[in-house]
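Participant: Need the 3D shape of this:
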Amino acid sequence: LLGRTLGLVAFGQFAIIQMMVITLGSIGDLGLPMGTTRYVAAHRSDNPAQASRIIGFAICSTFLSGLMLAAMIVWSAPWYALHTLRVPGVGVYLQWASVFLILEMLNRVQVSVLAGLEAFRATAAVNAFRGLFLLLAPVAAHFWGLGGALLALTCTSAATCAVAQIDRKSTRLNSSHANI
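Facilitator: Next comes the predicted model:
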């Protein structure tokens, strides 16, 4: 649906931007989502304070790593768009995608925390919410083109991040009365 709305060239540009964010985000999250799931699951019952520290470390580290990657994207996007992609107008969209990158990285860590807490219902709710919210992308693309599609994707990531945060805060560690 999004491909038909944007057209062949704009959808190709959208795909390149999205794949760049996914690739850089996978590198930039430093493997923290997988480690967070493992160690939160291991410590949630016997050492909830340690599990809370792991969660805090993972979220802060991911945010800082995302900021560094976003700064690199903002700085290098015009050059990359001009010399590598040979489409100078895409540089601005690549720069916008830096916000999307940070939010996606945070989403991965938060979902991994929910998995470590065995909050599978909350994880399903977050993913269902995300799927429904993504339906806005073709609508935004219809009115605002590539920029609208990227804005919808970024807003979806922001909303998903907020919902995951709320679900994470409402899920308590076993043997603890403190929220994480």
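Participant: Give me the pLDDT for the residue nearest to L103 when sequence neighbours are not counted.
Facilitator: Leaving out its chain neighbours, the residue that sits closest to L103 by Cβ to Cβ, 6 or more residues apart in numbering is S157, at 3.7 Å. For glycine as for every other residue, the C-beta is placed from the backbone atoms N, C-alpha and C. The pLDDT attached to S157 in the predicted structure is 94.
Participant: Same question for A125.
Facilitator: At A125 the predicted local confidence, pLDDT, stands at 92.
Participant: Tell me which other helices or strands the helix or strand containing it touches.
Facilitator: A125 is part of helix 120-133 when elements are defined by DSSP states H and E. Contact analysis of helix 120-133 by 3 or more Cβ pairs under 8 Å, 6 or more residues apart in numbering; DSSP states H and E lists helix 90-116, helix 136-170 as its packing neighbours.
Participant: Just say which of these is most tucked in.
Facilitator: Mean neighbours per residue, mean count of other Cβ atoms under 10 Å, is largest over those for helix 90-116, with a mean of 23.
Participant: What is it packed up against?
Facilitator: Judged by 3+ Cβ pairs under 8 Å, 6+ apart, helix 90-116 is in contact with helix 8-28, helix 32-43, helix 48-79, helix 120-133, helix 136-170.
Participant: gap between the residue nearest in space to the middle of the chain and V92?
Facilitator: In the chain, the centroid-proximal residue (Cα atoms, centre = their mean) is E104; its distance is 0.8 Å. With distances defined as Cβ to Cβ, to the nearest Å, the gap from E104 to V92 amounts to 19 Å.
Participant: so R108 sits right up against G28, yeah?
Facilitator: No: taking contacts as Cβ atoms under 8 Å, R108 lies outside contact range of G28: 10.2 Å.
Participant: How many neighbouring residues does P88 have?
Facilitator: Burial of P88, expressed as a neighbour count using other Cβ atoms under 10 Å, amounts to 12.
Participant: That'll do, ta.
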